[in-house]
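Trainee: would you be able to build a 3D model of this:
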Amino acid sequence: MSHAEGKTITSEDFSKKCLDKCSFAECAFNGCNFSEAFLRNAKFSSVTFTNCNFSLANLEGGRLQDVQFLDCKVVGVDFSKCEKPFFSVSFKNCVLQYCNFSDLNMKNASFKPGWLLILLQELIRQVRYKLKDEAKGLPLGESGSAVDCLSNQLLK
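Mentor: So this is what the prediction gives:
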(Lines give C-alpha, C1' and ligand atoms only; values in the text may rest on other atoms or scores of the structure.)
Protein backbone atom coordinates (compact mmCIF):
# COMPACT_ATOMS: atom_id res chain seq x y z
CA MET A 1 0.00 0.00 0.00
CA SER A 2 1.83 3.12 -1.17
CA HIS A 3 -1.07 5.61 -1.14
CA ALA A 4 -4.50 5.67 0.45
CA GLU A 5 -7.08 8.42 0.62
CA GLY A 6 -10.38 8.43 2.50
CA LYS A 7 -10.06 4.81 3.61
CA THR A 8 -10.78 3.09 6.91
CA ILE A 9 -8.26 0.41 7.79
CA THR A 10 -9.12 -1.97 10.63
CA SER A 11 -7.09 -4.53 12.59
CA GLU A 12 -4.13 -4.64 10.22
CA ASP A 13 -0.74 -5.81 11.48
CA PHE A 14 1.98 -3.53 10.13
CA SER A 15 4.48 -4.49 12.83
CA LYS A 16 8.06 -4.59 11.55
CA LYS A 17 6.76 -3.87 8.03
CA CYS A 18 8.35 -1.34 5.69
CA LEU A 19 5.90 1.42 4.83
CA ASP A 20 8.57 3.94 3.86
CA LYS A 21 7.39 6.80 1.65
CA CYS A 22 3.72 5.77 1.94
CA SER A 23 1.07 8.48 1.87
CA PHE A 24 -2.23 8.50 3.77
CA ALA A 25 -4.78 11.33 3.53
CA GLU A 26 -8.10 11.55 5.39
CA CYS A 27 -7.80 7.94 6.56
CA ALA A 28 -8.82 6.21 9.77
CA PHE A 29 -6.81 3.36 11.29
CA ASN A 30 -8.64 1.29 13.92
CA GLY A 31 -6.94 -1.34 16.07
CA CYS A 32 -3.85 -1.52 13.86
CA ASN A 33 -0.39 -2.55 15.02
CA PHE A 34 2.50 -0.35 13.87
CA SER A 35 5.00 -1.58 16.46
CA GLU A 36 8.55 -1.42 15.09
CA ALA A 37 7.16 -0.43 11.67
CA PHE A 38 9.39 1.50 9.28
CA LEU A 39 7.47 4.65 8.35
CA ARG A 40 10.41 6.73 7.17
CA ASN A 41 9.38 9.65 4.95
CA ALA A 42 5.74 8.53 5.18
CA LYS A 43 3.10 11.25 4.97
CA PHE A 44 -0.01 11.32 7.13
CA SER A 45 -2.48 14.14 6.53
CA SER A 46 -5.81 14.41 8.38
CA VAL A 47 -5.44 10.87 9.71
CA THR A 48 -6.94 9.37 12.87
CA PHE A 49 -5.42 6.41 14.69
CA THR A 50 -7.71 4.73 17.23
CA ASN A 51 -6.59 1.91 19.54
CA CYS A 52 -3.36 1.48 17.57
CA ASN A 53 0.08 0.39 18.81
CA PHE A 54 3.03 2.55 17.74
CA SER A 55 5.69 1.08 20.05
CA LEU A 56 9.15 1.78 18.61
CA ALA A 57 7.78 2.87 15.22
CA ASN A 58 10.36 4.66 13.05
CA LEU A 59 8.91 7.94 11.74
CA GLU A 60 12.18 9.49 10.57
CA GLY A 61 11.44 12.17 7.96
CA GLY A 62 7.72 11.48 8.30
CA ARG A 63 5.10 14.17 7.92
CA LEU A 64 2.41 14.21 10.59
CA GLN A 65 -0.07 16.90 9.63
CA ASP A 66 -3.39 17.11 11.49
CA VAL A 67 -2.96 13.61 12.94
CA GLN A 68 -4.99 12.35 15.90
CA PHE A 69 -3.99 9.49 18.20
CA LEU A 70 -6.96 8.24 20.25
CA ASP A 71 -6.53 5.55 22.91
CA CYS A 72 -3.24 4.49 21.33
CA LYS A 73 -0.04 3.04 22.76
CA VAL A 74 2.87 5.25 21.69
CA VAL A 75 6.10 4.09 23.31
CA GLY A 76 9.68 4.92 22.34
CA VAL A 77 8.85 6.97 19.26
CA ASP A 78 11.32 9.69 18.22
CA PHE A 79 9.01 12.40 16.91
CA SER A 80 11.94 14.84 16.78
CA LYS A 81 12.96 13.23 13.47
CA CYS A 82 9.64 14.08 11.80
CA GLU A 83 9.30 16.97 9.36
CA LYS A 84 9.23 19.93 11.71
CA PRO A 85 7.26 22.51 9.65
CA PHE A 86 4.24 20.20 9.30
CA PHE A 87 4.15 18.67 12.80
CA SER A 88 0.54 18.88 14.00
CA VAL A 89 -0.68 16.09 16.29
CA SER A 90 -3.06 15.42 19.14
CA PHE A 91 -2.99 12.63 21.70
CA LYS A 92 -6.13 11.75 23.63
CA ASN A 93 -6.16 9.03 26.30
CA CYS A 94 -2.94 7.52 24.98
CA VAL A 95 -0.18 5.62 26.71
CA LEU A 96 2.66 7.95 25.79
CA GLN A 97 6.05 6.91 27.18
CA TYR A 98 9.72 7.40 26.32
CA CYS A 99 8.94 9.56 23.29
CA ASN A 100 11.19 12.35 22.03
CA PHE A 101 9.60 15.68 21.04
CA SER A 102 12.77 17.77 21.25
CA ASP A 103 13.29 20.62 18.78
CA LEU A 104 9.68 20.46 17.60
CA ASN A 105 7.28 23.39 17.56
CA MET A 106 4.62 22.07 19.92
CA LYS A 107 2.20 24.93 19.19
CA ASN A 108 0.14 22.56 17.03
CA ALA A 109 0.31 19.62 19.43
CA SER A 110 -2.36 18.67 21.93
CA PHE A 111 -2.20 16.25 24.86
CA LYS A 112 -5.44 15.26 26.58
CA PRO A 113 -5.98 13.22 29.76
CA GLY A 114 -4.30 9.89 29.88
CA TRP A 115 -0.74 10.99 29.15
CA LEU A 116 -0.51 12.96 32.41
CA LEU A 117 -1.46 9.97 34.53
CA ILE A 118 1.16 7.81 32.82
CA LEU A 119 3.76 10.53 33.31
CA LEU A 120 2.90 10.83 37.00
CA GLN A 121 3.01 7.06 37.46
CA GLU A 122 6.46 6.87 35.88
CA LEU A 123 7.73 9.78 37.98
CA ILE A 124 6.43 8.18 41.17
CA ARG A 125 8.03 4.84 40.30
CA GLN A 126 11.37 6.58 39.79
CA VAL A 127 11.06 8.52 43.04
CA ARG A 128 10.12 5.39 44.99
CA TYR A 129 13.22 3.55 43.80
CA LYS A 130 15.65 6.42 44.31
CA LEU A 131 14.62 8.12 47.53
CA LYS A 132 14.29 6.99 51.11
CA ASP A 133 12.01 8.37 53.77
CA GLU A 134 14.64 10.15 55.89
CA ALA A 135 12.53 10.32 59.03
CA LYS A 136 11.83 6.60 59.31
CA GLY A 137 14.42 5.08 57.00
CA LEU A 138 11.63 3.34 55.08
CA PRO A 139 11.24 3.13 51.33
CA LEU A 140 8.65 5.53 49.92
CA GLY A 141 5.19 4.06 50.10
CA GLU A 142 5.59 2.74 53.63
CA SER A 143 5.69 5.96 55.67
CA GLY A 144 2.04 6.98 55.30
CA SER A 145 2.86 10.49 54.02
CA ALA A 146 0.53 12.33 51.64
CA VAL A 147 2.93 11.72 48.75
CA ASP A 148 2.96 8.01 49.54
CA CYS A 149 -0.85 7.88 49.71
CA LEU A 150 -1.10 9.64 46.34
CA SER A 151 1.50 7.38 44.78
CA ASN A 152 -0.23 4.28 46.12
CA GLN A 153 -3.53 5.42 44.60
CA LEU A 154 -1.96 6.18 41.23
CA LEU A 155 -0.07 2.90 41.07
CA LYS A 156 -3.10 0.69 41.79
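Trainee: which residues in this structure form helices?
Mentor: 115-130, 146-154 (DSSP state H).
Trainee: those helices: lowest mean pLDDT?
Mentor: If you rank those by mean pLDDT, helix 146-154 sits at the bottom with a mean of 51.
Trainee: what's the distance between the nearest residue to Glu60 once chain neighbours are set aside and Arg40?
Mentor: Excluding the flanking residues, the one nearest Glu60 by CB to CB, 6 or more residues apart in numbering is Lys81, at 4.3 Å. From N, CA and C alone the C-beta is placed, and that goes for glycine too. To Arg40, Lys81 is 9 Å away according to CB to CB, to the nearest Å.
Trainee: shared neighbours of these two, anything?
Mentor: When CB atoms under 8 Å, 6 or more residues apart in numbering defines a contact, the residues bordering Lys81 and Arg40 alike are 59-62.
Trainee: list the contacts of Ser15.
Mentor: Counting by CB under 8 Å, 6+ apart, the residues that Ser15 touches are 33-37, 53.
Trainee: now rank the residues you listed by neighbours and give me the top one.
Mentor: Of all the contacts of Ser15, Phe34 has the most neighbours under the rule other CB atoms under 10 Å, reaching 28 neighbours.
Trainee: dump the residue contacts of it.
Mentor: By CB under 8 Å, 6+ apart, the contact list for Phe34 reads 14-15, 52-54, 57.
Trainee: phi first, then psi, for it.
Mentor: phi -110, psi 20 (degrees, to the nearest 10).
Trainee: what pLDDT does the model give it?
Mentor: 97.
Trainee: try the one 4 residues further on
Mentor: Reading off the confidence values, Phe38 has pLDDT 96.
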